[in-house]
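Visitor: need coordinates for the following:
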Amino acid sequence: EDVDGDENFQHQRIIELEQELKATREYLQTVIEELESSNEELKSMNEELQSSNEELQSSNEELETSKEEMQSVNEELITVNTELQEKMAELTKVNNDMHNLFINLQAGVIFLDTDLHIQLFTPAAKRIVKLIDEDISRPIDHIATRLEDIDLVQRAEHVLDTLESYSQEVQTQDKTWYSLRIVPYRTVDNVISGVVLTFNHIDEYKQMENELSQHQDELESLVEERTAALKQSTNRFRTLVGNSPDVIARFDLDLRHQFVNEMVTRYVDLSPEEFIGKTARELGFPPEQCAFWEKHLRTAAEQNTVIQEQFGFTTADGTDYYFDWIVMPECEQSSGSVTSLLTTMRDITDLQEKQKQLAKINAQLSAAVEASRAGRWRVIFKEDNSGLPDSMYISPTSLSFIGYQPDEFPQSMQAWQERIHPDDLPAVQQSANAHLEGQTDIHKVEYRIRHKDGSWRYILSRGMLIHNAAGQPTEWNGLDWDITDRKTAN
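Guide: This is a model prediction of the structure:
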């Protein structure tokens, strides 16, 4: 019985489970159907959302495009606004400039339109035409003027009709002179919109004109007197040139002789007249001599500068001469351009001989200097006759006085002077300047100079200048002695 009971229970349980399963299946089927229905609705809604999203995207793109267009328009507006502000600033500046110009303009200026109505005028115009600020837009013929013997309206109408400017000197009732000028007023588009009357004060010019007129006769008389004096001066110059010990010549820019004085006959068998109109080559001078002259004559003409050279010349009879030659450009007074060349040749043959003798004496002196343990120095001056030193030589003996070898010390006046005792340097410079200025025959000075080891040495220095034919210094030779032992012994 128990077994049968269990079987019935199980059978009954199976039936219940089958019924629950069936119910569950039916429920699941219903849920599935509902889900499918919901899916279809969701799908439909998704499609609608996609469609809406596409519409929104399209609208967004249109908005972006509109935004870009608005930004572009805004940037253009900003640019236009900036340009407008700049134009306004420029216009304000121009107005301010015009206002200040009109206030400070010394000339009287009146602007009239085509109906000859007053449009604008400067304060200075009030002194000429009786104007007040309320006269703007009034016809000019309603205004009284202070001018004598001129009809402004008639002249202004004539300028408008012919478009030709008009000028006249006019005088006011108080005898003040003005230069009147009437011109058409043209716009920037070249349209005539009136006339401009300008009054410039010329009282001083009229006064000068009267004074010039009064002095004209005096000037003409003075010119005649000066002309006579110039002729007399020319005659004196020719006399002076004729008696000069130098050979003086004038050349044109083609290097042809225009003038030669009589002194030339001392050196060549040609008269001054035979030189005129001819070059040195055409006169048969040696080619190398001609090349030398032509080079420096052309340089002087092209650079408008004075040139000084020295050269040797052998005459037909074999006599050797040496000349100091100066080339001076002659210029037109108004333009400053070179028109001719004036040259002087001074015979310095004797000077050359003396210089040779001096060189010989210098050689002998050098030998004596070496024997006396004296140091030597020499200053060479620039060749431009400026009187300025160009270079300096300091002998090994002089350098040994301060403990240096030649390759240890620069050949420089400045380097030597920097070692001179500060208390002694003014005396050295004073002695040198006095000799350079020709106040003394010889430069002589004692001074202390710093040795390489830092000690001070006493130096006795003597020197003498050598000058060229023009009196300019060419070199300065001197001797130094170390007198330290003698000074310290005392």
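Visitor: in the stretch 1-150 of the chain, what spans have low per-residue confidence?
Guide: Counting by pLDDT under 70, the stretch 1-150 of the chain has low-confidence residues at 1-5, 98-106.
Visitor: the stretch 351-490 of the chain too?
Guide: 358, 361-372, 469, 490.
Visitor: just so I have it, where are all the helices in it?
Guide: 396-401, 413-417, 425-436, 484-489 (DSSP state H, counting those that start in this stretch).
Visitor: of those helices, give the one that comes closest to residue 90.
Guide: helix 413-417 (60.3 Å; CB to CB). Placement of C-beta: from N, CA and C, glycine included.
Visitor: helix or strand next in line after the helix or strand containing residue 214, which one?
Guide: For residue 214, the element it lies in under DSSP states H and E is helix 203-242. The helix or strand immediately downstream of helix 203-242 is strand 247-251, counting by DSSP H and E.
Visitor: so that next one versus helix 203-242, what angle?
Guide: With axes from the mean of the first three to the mean of the last three CA atoms, to 10 degrees defining the directions, strand 247-251 sits at 130 degrees from helix 203-242.
Visitor: what packs against strand 247-251?
Guide: strand 257-260, strand 338-347 (3 or more CB pairs under 8 Å, 6 or more residues apart in numbering; DSSP states H and E).
Visitor: contacts for it?
Guide: 241, 257-261, 263-264, 266-267, 275, 297, 323, 330, 340-345 (CB atoms under 8 Å, 6 or more residues apart in numbering).
Visitor: residue 174 and residue 52, how far apart?
Guide: Using CB to CB, to the nearest Å, residue 174 is found at 95 Å from residue 52.
Visitor: before we move on, back to that, need the helices and strands packed on strand 247-251 in JSON lines with distance to residue 63, can you?
Guide: JSON lines is the format used below for the helices and strands packed on strand 247-251 (distance: least, CB to CB, whole Å):
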{"stretch": "strand 257-260", "distance to residue 63": "97"}
{"stretch": "strand 338-347", "distance to residue 63": "84"}
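Visitor: for residue 453, find the nearest of those.
Guide: The nearest among these, by CB to CB, is strand 338-347 at 52.3 Å.
Visitor: show me where pLDDT drops low in the stretch 151-300 of the chain?
Guide: Regions of the stretch 151-300 of the chain meeting the criterion pLDDT under 70 cover residues 229-230, 233-243.
Visitor: what distance separates stretch 133-140 from the centre of its chain?
Guide: 51 Å (CA atoms, centre = their mean, to the nearest Å).
Visitor: buried residues in it, which are they?
Guide: 135, 140 (16 or more other CB atoms under 10 Å).
Visitor: could you dump it to CSV, C-alpha only?
Guide: Provided in CSV are the C-alpha atoms of stretch 133-140 (Å, rounded to 0.1, in the frame of the first residue of the first chain):
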residue,chain,number,x,y,z
ASP,A,133,33.2,135.0,-39.5
GLU,A,134,29.5,135.6,-40.4
ASP,A,135,30.5,136.4,-44.0
ILE,A,136,30.7,132.6,-44.9
SER,A,137,28.3,131.9,-47.8
ARG,A,138,28.0,135.6,-48.6
PRO,A,139,28.8,136.8,-52.2
ILE,A,140,32.3,138.4,-52.4
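Visitor: hmm, who's touching it?
Guide: Contacts of stretch 133-140 (CB under 8 Å, 6+ apart): 110, 112, 115-121, 143, 152-153, 156.
Visitor: now, which of those residues lie within strands?
Guide: Among the contacts of stretch 133-140, DSSP state E puts 110, 112, 118, 119, 120, 121 in strands.
Visitor: what is the burial count for the spatially closest residue to the last one that is not a sequence neighbour?
Guide: The spatially closest residue to residue 121, leaving aside those adjacent along the chain, is residue 110, at 4.5 Å (CB to CB, 6 or more residues apart in numbering). Residues near residue 110, counting by other CB atoms under 10 Å, number 24.
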